[in-house]
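Asker: sequence and predicted structure, then a few things I'm wondering about:
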Amino acid sequence: GRNIILDRYSLLADNTSYSKEFADVLKKYLDTYPITARSPGLYFKVDGNNLERAYKDHLSGFRNWEQASHAEDWVLHPKNIGKRLGIDETMLHKDLMTFLTNKEGHGKRHTLIAAVKGTKASDIINVLMQIPQEQREQVEEVTMDFSDSMFAVVTEAFPNAAIVIDCFHIVKRCIEAVEELRLKAKREAQKAQNKEKAMFKKKLEQLVKSRKYYRKKHPKKYKGKKRGRKPQRLNKRFRPTMLANGETVIELLTRSKHLLSVSGEKWTDRQKTRAKILFRMFPKIKDAYTLICSLRSVFSNKSIDRGTAKVKLHEWYQKVSVCTLREVKAARDAIKYKEEEVLNYFINRSTNAHAESLNSKLKGFRAQLRGVQDLPFFMFRASIIFG
């Protein structure tokens, strides 16, 4: 049977058992999707590791890749540059990598423009300056988070671009303030419970001593079973105070993390009950959450323009200045410091979702590989699929 197959199909290379027809299918598949060769290997009942080696050594063209020498530090695809870009970082191979992406690529081919190891502004700028100046000056908009290093990169490399702070990162920065209050309240609740537990233990020990002393002074004068109240056990377990929903204070604060990060319209019935108890016990968390919801409503309003948004944002500043929450005021100051970039969101309603989408795909690809062992080859495949 093998000789008949060899007569009909020519092999990819010596010492391999893959035909050129199968190799074409494999190459097209791996050049299109961010998956490992194990996936088609399971389908075709072939060892995935052998397929991976065949793809790397014979099919992919990795050995002749012109960027292989510096792929561990950076890769660049100037042809993918467009008018609306995004910049973000993600963890790869024990270090952060900064990715510059084209929004028009929609997280697919022609999305990746540059990938640079680290987040140091000077290193990223040196790579991006290799893009012709005429192309860099055509960039109109770049979305990003609150990172100062990213801000410096975009300002230097794309002088004509309007910087837009992603609205999700703006709300996220404020949610972090609520999270700080929640964790602070949780630490205080833990201290109070430990103190209550120590007092319970001390009271139990004193009760045992007093009962022993009483028995010593008043020996029993009856036979048979001892009468009276059942004595308390020395190893009786401490039971913390339970709230109306069946949770302790610490459990309430722990399980409230998710509900504080979303709008109240998305709460379930149990979350509404939990939030009602939480806000009654911790009014500071309620005040902070209310302020965050008022800011979220500004960005979720699709009918306002940049000028109206600026007025509403300054009204929110006034609300925050009245409160006494340092955490929320710190978030306000971060927004106020980059107010112009924050307000640029209301021009085109641009977000950094396309860059986050690419990050999630790269992380999923990394998870399939169970970690990046060969960073240059990983960047080669990312360049083929998204470049």
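Answerer: Alright, I've got the coordinates.
Asker: tell me the spacing between the closest residue to Phe279 other than its chain neighbours and Ser39.
Answerer: With CB to CB, 6 or more residues apart in numbering as the criterion, Phe279 has its nearest non-adjacent residue at 3.7 Å, and that residue is Lys286. C-beta coordinates here come from the backbone N, C-alpha and C atoms, glycine included. From Lys286 over to Ser39 the distance is 49 Å, taken as CB to CB, to the nearest Å.
Asker: report all helices and strands that the lengthiest helix in the chain contacts.
Answerer: Identified as the longest helix of the chain according to DSSP state H is helix 167-217. Applying 3 or more CB pairs under 8 Å, 6 or more residues apart in numbering; DSSP states H and E, we find helix 167-217 packed against helix 249-255, helix 283-300, helix 326-337.
Asker: would you mark the buried spots in stretch 370-385?
Answerer: Residues of stretch 370-385 classed as buried: 372, 375-385 (neighbour count, 16 or more other CB atoms under 10 Å).
Asker: so among these, where is pLDDT lowest?
Answerer: Lowest-confidence member of those: Val372, scoring 79 (pLDDT).
Asker: where does it sit: helix, strand or coil?
Answerer: Put simply, Val372 is coil when judged by DSSP: H, G, I helix; E, B strand; the rest coil.
Asker: likewise for Lys117?
Answerer: Three-state assignment for Lys117 (three-state DSSP): strand.
Asker: next: Ile87.
Answerer: strand.
Asker: my guess is it contacts Met97, does it?
Answerer: No - counting by CB atoms under 8 Å, Ile87 does not reach Met97; the two are 11.6 Å apart.
Asker: comparing the two, which residue is more hemmed in?
Answerer: With neighbours defined as other CB atoms under 10 Å, Ile87 and Met97 compare such that Ile87 has more, 27 against 23.
Asker: contacting residues around the more buried one?
Answerer: Residues near Ile87 by CB atoms under 8 Å, 6 or more residues apart in numbering: 98-101, 142-144, 150, 153-154, 355.
Asker: just those residues: which are in helices?
Answerer: Counting by DSSP H, the contacts of Ile87 place 150, 153-154, 355 in helices.
Asker: nearest to Gly82 among those residues?
Answerer: For the ones in helices among the contacts of Ile87, the residue nearest Gly82 by CB to CB is Ala355; the value is 13.1 Å.
Asker: ok, and the closest non-adjacent residue to Cys323?
Answerer: Of all residues not flanking Cys323 in the chain, Asp287 sits nearest, at 5.8 Å (CB to CB, 6+ apart).
Asker: quick one: the one you found from Trp316, how far?
Answerer: To Trp316, Asp287 is 13 Å away according to CB to CB.
Asker: cool, Leu243 as well?
Answerer: Distance, Leu243 to Trp316, using CB to CB: 32 Å.
Asker: which of the helices and strands packed on helix 167-217 sits closest to Arg187?
Answerer: Closest to Arg187 of the helices and strands packed on helix 167-217 is helix 249-255 (CB to CB; 9.4 Å).
Asker: ok, and what's touching the closest one?
Answerer: With CB under 8 Å, 6+ apart, helix 249-255 has contacts from 182, 185-186, 189-190, 192-193, 240-241, 243, 245, 247, 274, 277-278, 281-282.
Asker: cutoff 7 Å now
Answerer: With contact meaning CB atoms under 7 Å, 6 or more residues apart in numbering, helix 249-255 is reached by 182, 185-186, 189-190, 193, 243, 247, 274, 277-278.
Asker: of those - the most surrounded one?
Answerer: Counting neighbours by other CB under 10 Å, Leu278 leads the contacts of helix 249-255 with 25 neighbours.
Asker: so that residue sits in a helix?
Answerer: Yes - Leu278 forms part of a helix when assessed by three-state DSSP.
Asker: report pLDDT for it.
Answerer: Leu278 carries a pLDDT value of 95.
Asker: check Ser350 too.
Answerer: At Ser350, pLDDT is 88.
Asker: doesn't Met144 make contact with it?
Answerer: No - using CB atoms under 7 Å, Ser350 makes no contact with Met144, being 10.5 Å away.
Asker: contacts for stretch 375-387?
Answerer: 31-32, 34, 56, 62, 65, 68, 71-72, 75, 77, 80, 93, 108-109, 111-112, 115, 358, 362, 372.
Asker: helix or strand for Pro376, which one?
Answerer: For Pro376, the host element (DSSP states H and E) is helix 375-386.
Asker: reformat the helices and strands packed on helix 167-217 as TSV; add mean pLDDT and mean neighbour count.
Answerer: Listed next are the helices and strands packed on helix 167-217 as TSV, based on pLDDT from 0 to 100; neighbours: other CB atoms under 10 Å:
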stretch	mean pLDDT	mean neighbour count
helix 249-255	94	19
helix 283-300	93	18
helix 326-337	92	17
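Asker: no more questions from me, cheers.
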